[in-house]
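Engineer: The amino acid sequence is not available; the structure is as follows:
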């Protein structure tokens, strides 16, 4: 055993390596003078139920459908916000529009195009790299048994909503359906708005959000093409129409103030171009990519940042271009030259940190669990593109998942239903108002936040967390935090 001081937790941390123990069973660790560890199980199927529950999270986030007891158990509810079938435009420029479907984004009832696009991307990356982890019938959702993996059925629920947010005349995408009052979703009856106005601007379709939608739809078309060619064609046609909108607005269209504002659209445009080239092999998309990709060298050269996120899509563009059938050889070599030292640095951060993640002491901000997971996704995809064959990234994935599940300064699992002490009171309009004294397993919350929760001040940033449904700053959940968790679990399960 070794010990090291950890500034993020303010503790001396002991670690032990028992990776050579591979006999299945239930164990505890004992050390003189230290309390016994919690019981833990070693088995080949240890993550199976976890993957299913983390995927089922999305079914519970669905808007516009009755959650029947045969699928939702005690969390059954009536149709949430049926008024989304006739959502009004905030500007009043047009008649009400069907904006139903999709997933509630987080603890609130908003639905956001760029947040949904990121979640879709993560989930599709999981399917691309680890397809055998995803089966038909494993999630017990209404579509189970239709011959398609349940993950792709669930992703389609969000894709269908993103399609509804596109303006047929221009190809642009409205950015969000605004949130409403708290309360159970099947009882909330306030008017729901497509947010499209801001201080004299109306019918606003932000280009950053639109480019995110284009990228996600084009990416999805490559996955669904072998499963449902007609649907894939619909996705691709919408993506190409969205690209026309981007070309018509080279100056960019700014976001509407509110959640997930993003007025810098260059990274999303690069992502969209890469995804469209992968889907179509049309040279005009590659030419856009080749003319712009080197301006994003900084995302690989930074030694303080993590990976991508909502509004930070540059890495996703390189990941997507790495999948194309006929890449430019110079662009491939350039990426390898940038990625290799970035990879080495990130692996060193994980291996030198006492908790085994890539998080630095200053990384405990809102949603701190997510960047550690997204970095693993980037490493895994980057390794696949560049042909890395060592198992170091898998080790970092395992360490990161262990951190999420309780091997952290609080000995606390940030995933509901898993671990000795785990999330029971997430910040969530659904679970705070459904009058059920429980929550589903598989909900990931944001984790410690050293910056925006003054009531939780501590000298140890990694301990600034509370399991309270009143605390959005540490205990909210989102569709784009569960998505990289799905990827990481599938990755570990597949190795």
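Structural biologist: That came through, no problem. Keep in mind it's a predicted model, so treat the numbers as computed, not measured.

Engineer: going forward, measure contacts between C-alpha atoms and count neighbours the same way
Structural biologist: Fine.

Engineer: Just the strands from the stretch 151-300 of the chain, written as ranges.
Structural biologist: 176-177, 193-194 (DSSP state E, counting those that start in this stretch).

Engineer: And residue 458, how far from residue 251?
Structural biologist: Applying C-alpha to C-alpha, to the nearest Å, the value for residue 458 to residue 251 is 45 Å.

Engineer: List the buried residues for the lengthiest helix in the chain?
Structural biologist: When the chain is parsed with DSSP state H, its longest helix is helix 329-352. For helix 329-352, a neighbour-count test (16 or more other C-alpha atoms under 10 Å) marks 331, 335, 336, 339, 342, 343, 345, 346, 347, 349, 350, 351 as buried.

Engineer: Looking at those residues, which two lie furthest apart in space?
Structural biologist: 331 and 351 (29.8 Å; C-alpha to C-alpha).

Engineer: can the strands of the stretch 151-300 of the chain go into JSON lines with extra columns for distance to residue 481, mean neighbour count and mean pLDDT?
Structural biologist: Below are the strands of the stretch 151-300 of the chain laid out as JSON lines (distance: least, C-alpha to C-alpha, whole Å; neighbours: other C-alpha atoms under 10 Å; pLDDT from 0 to 100):
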{"stretch": "strand 176-177", "distance to residue 481": "19", "mean neighbour count": "25", "mean pLDDT": "97"}
{"stretch": "strand 193-194", "distance to residue 481": "24", "mean neighbour count": "24", "mean pLDDT": "96"}
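
Engineer: Next, format these as CSV and append distance to residue 161.
Structural biologist: Output for those, formatted as CSV (distance: least, C-alpha to C-alpha, whole Å):
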stretch, distance to residue 161
strand 176-177, 11
strand 193-194, 13
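
Engineer: how about those, which one is nearest residue 367?
Structural biologist: strand 176-177 (20.8 Å).

Engineer: and the closest one, what does it pack onto?
Structural biologist: Strand 176-177 makes packing contacts with strand 111-112, strand 193-194 when contacts are defined by 3 or more C-alpha pairs under 8 Å, 6 or more residues apart in numbering; DSSP states H and E.

Engineer: closest one to residue 247 among these?
Structural biologist: strand 111-112 (22.5 Å).

Engineer: Parallel or antiparallel, list what pairs with that closest one.
Structural biologist: strand 176-177 (antiparallel) (DSSP bridges).

Engineer: so how far is the strand it pairs with from its chain's centroid?
Structural biologist: Offset of strand 176-177 from its chain centre (C-alpha atoms, centre = their mean, to the nearest Å): 18 Å.

Engineer: ok, residues contacting that strand?
Structural biologist: For strand 176-177, contacts defined as C-alpha atoms under 8 Å, 6 or more residues apart in numbering pick out 99, 110, 111, 112, 113, 165, 192, 193, 194, 195.

Engineer: Quick check: the first one touching residue 163?
Structural biologist: So the one you mean is residue 99. No. If you go by C-alpha atoms under 8 Å, residue 99 and residue 163 don't touch, sitting 9.3 Å apart.

Engineer: which of these two has more neighbours?
Structural biologist: Neighbours were counted for residue 99 and for residue 163 using other C-alpha atoms under 10 Å; residue 99 has more, 27 against 20.

Engineer: and the more buried one, how far is that from residue 175?
Structural biologist: 11 Å.

Engineer: what residues do those two have in common as contacts?
Structural biologist: Joint contacts of residue 99 and residue 175 (C-alpha under 8 Å, 6+ apart) are 165, 194.

Engineer: What segments of the stretch 51-200 of the chain are helices?
Structural biologist: Per DSSP state H, counting those that start in this stretch, the stretch 51-200 of the chain carries helices over the ranges 69-72, 113-129, 150-164.

Engineer: for these, which one sits closest to residue 327?
Structural biologist: Here helix 113-129 is closest among those (C-alpha to C-alpha), at 18.3 Å.

Engineer: Go ahead and name everything in contact with the closest one.
Structural biologist: 103, 105, 133-134, 151-152, 155, 158-159, 162, 165, 173-176, 209-210, 212-213, 215-216, 219-220, 223, 260, 309-311, 377, 381, 479-481, 483-484, 486-487, 490-491.

Engineer: same thing but at 7 Å, please
Structural biologist: Applying C-alpha atoms under 7 Å, 6 or more residues apart in numbering, the external contacts of helix 113-129 come out as 155, 158, 162, 175-176, 209, 212-213, 216, 310, 479-480, 483-484, 486-487, 490.

Engineer: if we can go back for a sec, can you tell me which of the strands of the stretch 151-300 of the chain comes nearest to residue 80?
Structural biologist: strand 176-177 (13.6 Å).

Engineer: State the distance from residue 37 to residue 467.
Structural biologist: On the measure of C-alpha to C-alpha, residue 37 and residue 467 end up 22 Å apart.

Engineer: more neighbours, those two?
Structural biologist: Using other C-alpha under 10 Å, the more surrounded residue of residue 37 and residue 467 is residue 467, with 20 against 11.

Engineer: what about the more buried one, is that helix, strand or coil?
Structural biologist: coil (DSSP: H, G, I helix; E, B strand; the rest coil).

Engineer: Contact partners for it?
Structural biologist: 423, 424, 425, 426, 475.

Engineer: swap the cut-off to 6 Å and go again
Structural biologist: residue 425 (C-alpha atoms under 6 Å, 6 or more residues apart in numbering).

Engineer: Report pLDDT for it.
Structural biologist: You'll see residue 467 listed with a pLDDT of 95.

Engineer: and it, how far is that from residue 480?
Structural biologist: 20 Å.

Engineer: same thing with residue 281?
Structural biologist: In terms of C-alpha to C-alpha, residue 281 sits 29 Å off from residue 480.

Engineer: how near is the nearest residue to residue 84 once chain neighbours are set aside to residue 158?
Structural biologist: Residue nearest to residue 84 in three dimensions, not counting chain neighbours: residue 100, with 4.7 Å by C-alpha to C-alpha, 6 or more residues apart in numbering. To residue 158, residue 100 is 10 Å away according to C-alpha to C-alpha.

Engineer: Name the residues of stretch 424-435 that are buried.
Structural biologist: Of all the residues in stretch 424-435, those buried under the rule 16+ other C-alpha under 10 Å are 424, 425, 426, 427, 428, 429, 430, 431, 432, 434.

Engineer: Now do the contacts for the second one.
Structural biologist: I take that to be residue 425. 467, 468, 469.

Engineer: For residue 147, the count of nearby residues, please.
Structural biologist: By the measure other C-alpha under 10 Å, the count of residues near residue 147 is 12.

Engineer: try the one 10 residues further on
Structural biologist: Counted with other C-alpha under 10 Å, the burial measure for residue 157 works out to 17 neighbours.

Engineer: Quick check: phi and psi at the closest residue to it other than its chain neighbours.
Structural biologist: In space, residue 157 comes closest to residue 102 once its chain neighbours are excluded; the distance is 5.5 Å by C-alpha to C-alpha, 6+ apart. Phi and psi for residue 102, reported as degrees, to the nearest 10, are phi 80, psi -170.
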